[in-house]
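**Q** Test case, fold it:
(4 chains)
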Protein chains: 2
Amino acid sequence: MSSKRATKPKPKVQTPCDRCPLRGLDTFRDFTPEELAFMLEFKSGELVLDAGTSILHEGSNSPHLYTVLSGWAYKYKTLPDGRRQVLNYALPGDFIGLQASIFDVSSHSVEALTDVVLCVFPRERLWDLFARHTGLAFDVTWLGAHEENILGDFLVSVGKRSATERVAFVLLQLFARARQAGLVKNGALGFPVTQELLADTVGFSLVHTNKTLKRLRRSKAFTWQGPTLEVASEDKLAELASTSPPGTGRRPLI
Amino acid sequence: MSSKRATKPKPKVQTPCDRCPLRGLDTFRDFTPEELAFMLEFKSGELVLDAGTSILHEGSNSPHLYTVLSGWAYKYKTLPDGRRQVLNYALPGDFIGLQASIFDVSSHSVEALTDVVLCVFPRERLWDLFARHTGLAFDVTWLGAHEENILGDFLVSVGKRSATERVAFVLLQLFARARQAGLVKNGALGFPVTQELLADTVGFSLVHTNKTLKRLRRSKAFTWQGPTLEVASEDKLAELASTSPPGTGRRPLI
DNA sequence: CGTTACCTTGAATCTCCTCAATACACGTGG
DNA sequence: CCACGTGTATTGAGGAGATTCAAGGTAACG
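**A** All right, here's what the predicted structure looks like:
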């Protein structure tokens, strides 16, 4: 086998759950020793993908359940003629494919937005998890309900918020979630979302999204240039979004 | 105690789960004898409410988890200045307050759209259900994920569908869900949604919703006059909505 | 028979979309 | 090294779509 240098070096480390870097964050609740033991053998591998790679496809089924270890992904649905609506983003600690595991087909597509590392779990053992670990089963349901909340917030945005409110809301939510996932350093976040993707998130055309951003920048509540987003004041941004400032809640992981 | 006649006679029957009328429908999967035994003592009562009554309030918490036995309810969120967005409808067999049971507060409000009868379950015993009945725990998660799917579909509608598509989609979805819940007789459905509520569901103003309905009626795919909705062709309506015709899947109950 | 809730319609205004052109950063091959 | 293509961001102009305001209309109910 040739030993030519790969175009892009990939992390080869298999990260066991007892050394999960996410669990160090105080965002996530701790495992009991029994839960940890179960997770160590439940996790069946890691999946390392380049940005732009498709992870799940609407209508197809997947033998795996994923958790994001690092990187960003986004979930979306498309209409027959190609119109695309982003439903949600998956950040480190978030599930991918829970629905596809519970039903037999995925209701939406998922694509890697950056290079990502996913923890892989075999979906047929999800039943074991439910049968043997009530706490983990509850966590799974918790995470599902949490996603539903985010979807509900997005639905309110798209249905009832004005253009500036909508854009402000999405920027704020993503920034706050990234902050909880430990991705914000010195108030700055590596933000891989393009304006086109943002447009498909808020339900506007690209052009109108761009013009709305221009108006919004005048508020000085944030700066977004190139790939970094800095939020000067979450409170001010929350006000612009007609919402309350995001908190710092604790949540389950996996 | 006076025995004056009540302004509106209310059904007094306490319906035990072994005689649940919904379970007769072949939409819902059967309980095992053990599950049935558990549910019989899990259900702690029935709540009978008039149309217009508030069931849950956004931000508050509730000691109960509900299931709709009969009637319609709707879930909604409001912005600080009063704008309202409907998130979903609850039909017989649907949960109300699952999120409020899992987190400590409800993320949305719920109001009775018609007179409703709710099955009441104490939320602190939800843990017992998870601990003792894996199948039921899975069903709870299934129902939560199912709701998330519906929210996702609505989000696509509001974000990307045209006016006529949007209205057609909501009418079709509600009709199909009502059909599965056994509410459609001879192709006709008692449809308690007002145009104002429909407007807050699809994200349009009342006026524009009305004009969109007028245009849609020309298709002859449905009639909606007074309180009854008749769908002549779900396929045609699905086409108008840029979606695929709804099926007849089996689902868990409670 | 008047009140109330809901539906309907027209007109003026504003929001948002499409089309089109430009600009910039980046990587690739000549 | 430069020319070129690709992906992303930006801006203007004109038109379609949605909102608001305003005025009626109908059916149910006390």
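**Q** doesn't A:Trp224 fall inside a strand?
**A** Yes. Counting by DSSP: H, G, I helix; E, B strand; the rest coil, A:Trp224 is located in a strand.
**Q** now it, nearest residue through space, not along the chain?
**A** Excluding its sequence neighbours, the residue lying closest to A:Trp224 (C-beta to C-beta, 6 or more residues apart in numbering or on different chains) is A:Phe191, at 6.7 Å. The C-beta positions use only the backbone N, C-alpha and C, and glycine is treated the same way.
**Q** can you pull the contacts of that neighbour?
**A** A:Leu174, A:Phe175, A:Ala178, A:Trp224, A:Pro227, A:Thr228, A:Leu229 (C-beta atoms under 8 Å, 6 or more residues apart in numbering or on different chains).
**Q** Could you rerun that using 10 Å?
**A** Listed by C-beta atoms under 10 Å, 6 or more residues apart in numbering or on different chains, the contact set of A:Phe191 reads A:72, A:171, A:174-175, A:178, A:183, A:198, A:224, A:226-230.
**Q** Identify the residues contacting A:Phe121.
**A** A:Phe121 sits in contact with A:39, A:42-45, A:64-67, A:95, A:97, A:101, A:129, A:254, where contact means C-beta under 10 Å, 6+ apart.
**Q** And for A:Ile55?
**A** A:47, A:49, A:62, A:64, A:66, A:68, A:73-75, A:90, A:96-97, A:106, A:109-112, A:116, A:118.
**Q** circling back to that earlier point, and the contacts of A:Phe121, which of them are in strands?
**A** Among these, the residues falling in strands (DSSP state E) are A:Gly45, A:His64, A:Leu65, A:Tyr66, A:Thr67, A:Phe95.
**Q** Identify the residues contacting the second one.
**A** Read it as A:His64. So A:His64 contacts A:44-45, A:47, A:55-56, A:96-97, A:100-101, A:118-124 (C-beta under 10 Å, 6+ apart).
**Q** can we see that at 8 Å?
**A** Shown in contact with A:His64 (C-beta under 8 Å, 6+ apart): A:Ser44, A:Leu47, A:Gly97, A:Val120, A:Phe121, A:Pro122, A:Arg123.
**Q** which one of the residues you listed is nearest DNA strand D?
**A** Taking C-beta to the nearest atom of the strand as the measure, DNA strand D sits nearest to A:Leu47 out of the contacts of A:His64, at 22.3 Å.
**Q** What is the burial count for that closest one?
**A** By other C-beta atoms under 10 Å in any protein chain shown, 16 other residues sit near A:Leu47.
**Q** What's the separation between it and DNA strand C?
**A** Per C-beta to the nearest atom of the strand, to the nearest Å, A:Leu47 is found 24 Å from DNA strand C.
**Q** and the residue nearest to that residue when sequence neighbours are not counted, what helix or strand is that in?
**A** Closest residue to A:Leu47 apart from its sequence neighbours, by C-beta to C-beta, 6+ apart: A:Leu118 at 4.3 Å. Assigned by DSSP states H and E, A:Leu118 belongs to strand A:116-122.
**Q** just checking, what's the longest helix in chain A?
**A** In chain A, with assignment by DSSP state H, the single longest helix is helix A:134-160.
**Q** quick one on the thing from earlier: pLDDT wise, what is the residue nearest to A:Leu47 at?
**A** pLDDT, A:Leu118: 97.
**Q** Just list the residues touching it, thanks.
**A** Taking C-beta under 8 Å, 6+ apart as the test, what A:Leu118 contacts is A:Glu46, A:Leu47, A:Val48, A:Leu49, A:Ile55, A:Tyr66, A:Thr67, A:Val68, A:Leu69, A:Ile96.
**Q** rerun at 7 Å
**A** Residues near A:Leu118 by C-beta atoms under 7 Å, 6 or more residues apart in numbering or on different chains: A:Glu46, A:Leu47, A:Tyr66, A:Thr67, A:Val68, A:Leu69, A:Ile96.
**Q** Check A:Gly135 too.
**A** A:Thr32, A:Glu35.
**Q** does any bit of stretch A:66-73 sit next to DNA strand D?
**A** No. Contact of stretch A:66-73 with DNA strand D (C-beta under 7 Å from any atom of the strand) is absent, the minimum separation being 13.3 Å.
**Q** Off-centre distance for that stretch?
**A** How far stretch A:66-73 lies from its chain's middle: 7 Å, per C-alpha atoms, centre = their mean, to the nearest Å.
**Q** likewise stretch A:156-176?
**A** Relative to its chain's centre, stretch A:156-176 lies at 16 Å (C-alpha atoms, centre = their mean).
**Q** who touches it?
**A** Contacts with stretch A:156-176, where a contact means C-beta under 7 Å, 6+ apart, come from A:89, A:153, A:189, A:198, A:201-204, A:208-209, A:212-213, A:215-216, A:222, A:229, A:231, A:234, A:237-238, A:240-243, A:246, B:77, B:79, B:83, B:85, B:155, B:158-159, B:203.
**Q** Against A:Arg83, how distant is the closest residue to DNA strand C within chain A?
**A** Using C-beta to the nearest atom of the strand, the closest approach of chain A to DNA strand C is made by A:His208 at 3.0 Å. Distance from A:His208 to A:Arg83, counting by C-beta to C-beta, to the nearest Å: 15 Å.
**Q** A:Asp235 too?
**A** Taken as C-beta to C-beta, the span from A:Asp235 to A:Arg83 is 35 Å.
**Q** Flag every residue of chain A that's near DNA strand C.
**A** Neighbours of DNA strand C within chain A, by C-beta under 7 Å from any atom of the strand: A:Ser162, A:Ala163, A:Gly203, A:Phe204, A:Ser205, A:Val207, A:His208, A:Thr212.
**Q** What about those residues, which are in helices?
**A** Among these, DSSP H puts A:Ala163, A:Val207, A:His208, A:Thr212 in helices.
**Q** What parts of the stretch 101-250 of chain A come near DNA strand D?
**A** By C-beta under 7 Å from any atom of the strand, the part of the stretch 101-250 of chain A that sits against DNA strand D consists of A:Thr194, A:Gln195, A:Glu196, A:Leu206, A:Val207, A:Asn210, A:Lys211, A:Leu213, A:Lys214.
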